[in-house]
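K.L.:
Sequence and predicted model, in that order:
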Amino acid sequence: LDAAALTAPFSEKTCVFYSTSVSHPRHDEIRQPPVAFSTKQTQFSVELQDAPDIRVQVNGDVSLFNMQTGQEEWQHAFTEAPKAWCTFVLNHLVSSTDASLHFKKCLELGSDGVFLDFRESALLLGSHVSCVGQVVKDADGRWSLRPWQPPAGQKRWGAGVWHRKDCLAGSVLISDNPDLCQ
């Protein structure tokens, strides 16, 4: 990966993309809707493992999947979390259409010592990654990776109806899982 760098909010690691969330834990392995959420990316390119002189600019939305090195989770009571994390939560509260629900979220951060799940998925600078998307070479000979799009008019069968959505369309998918990089 080659890019101007960002700093992931919780781990403070250097990255080119991060997605962070804070939510109340559940005991049934179902993730709660987040209390706070933020995602950010910068322009970056990937270098091909077998051809390091070729750089491919990543264009469009990025979605991380099956992350290993860049995936971290912590649990803290809001009152015991690092101050920068508390500031992050307050600055990135997920708003509700109902103001009373939004206020309730703020109250539930609380003084009662309830733990919050802090999650961060970051594409770290220098990571070895696998990417899923469409590679294109422009008229000037520059390579780019953009979200894959199905051919126009293509329809797929799913959930008993015909639809035009495809799970691989719309984002460049990236993973730092070493099992995928072989």
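P.N.:
Thanks, I have it.
K.L.:
my guess is residue 63 contacts residue 169, does it?
P.N.:
No: using CB atoms under 8 Å as the test, residue 63 is too far from residue 169 to be in contact (11.0 Å). In this view, the C-beta of every residue, glycine as well, is placed from N, C-alpha and C.
K.L.:
of those two, who's got more company?
P.N.:
A count of neighbours by other CB atoms under 10 Å puts residue 63 above the other of residue 63 and residue 169, at 17 against 14.
K.L.:
Okay, and the more buried one sits in which element?
P.N.:
Here residue 63, judged by DSSP states H and E, is contained in strand 62-64.
K.L.:
which outside residues touch that strand?
P.N.:
17, 19, 41, 70, 121, 123, 171-175 (CB atoms under 8 Å, 6 or more residues apart in numbering).
K.L.:
same question, stretch 24-33
P.N.:
23, 35, 75, 94, 108, 114-117.
K.L.:
hmm, which of these are the buried ones?
P.N.:
Among the contacts of stretch 24-33, those buried by neighbour count (16 or more other CB atoms under 10 Å) are 23, 35, 116-117.
K.L.:
Out of those, flag the one nearest to residue 83.
P.N.:
Using CB to CB, residue 116 comes nearest to residue 83 of those, at 14.5 Å.
K.L.:
Quickly list what the closest residue to that closest one other than its chain neighbours is bridged to.
P.N.:
Leaving out its chain neighbours, the residue that sits closest to residue 116 by CB to CB, 6 or more residues apart in numbering is residue 22, at 5.4 Å. On the basis of DSSP bridges, residue 22 is bridged to residue 36, residue 118.
K.L.:
Let me know the distance separating residue 22 from residue 11.
P.N.:
Look at residue 22 and residue 11: by CB to CB, to the nearest Å, they are 14 Å apart.
K.L.:
next one: residue 53
P.N.:
Per CB to CB, residue 53 is found 31 Å from residue 11.
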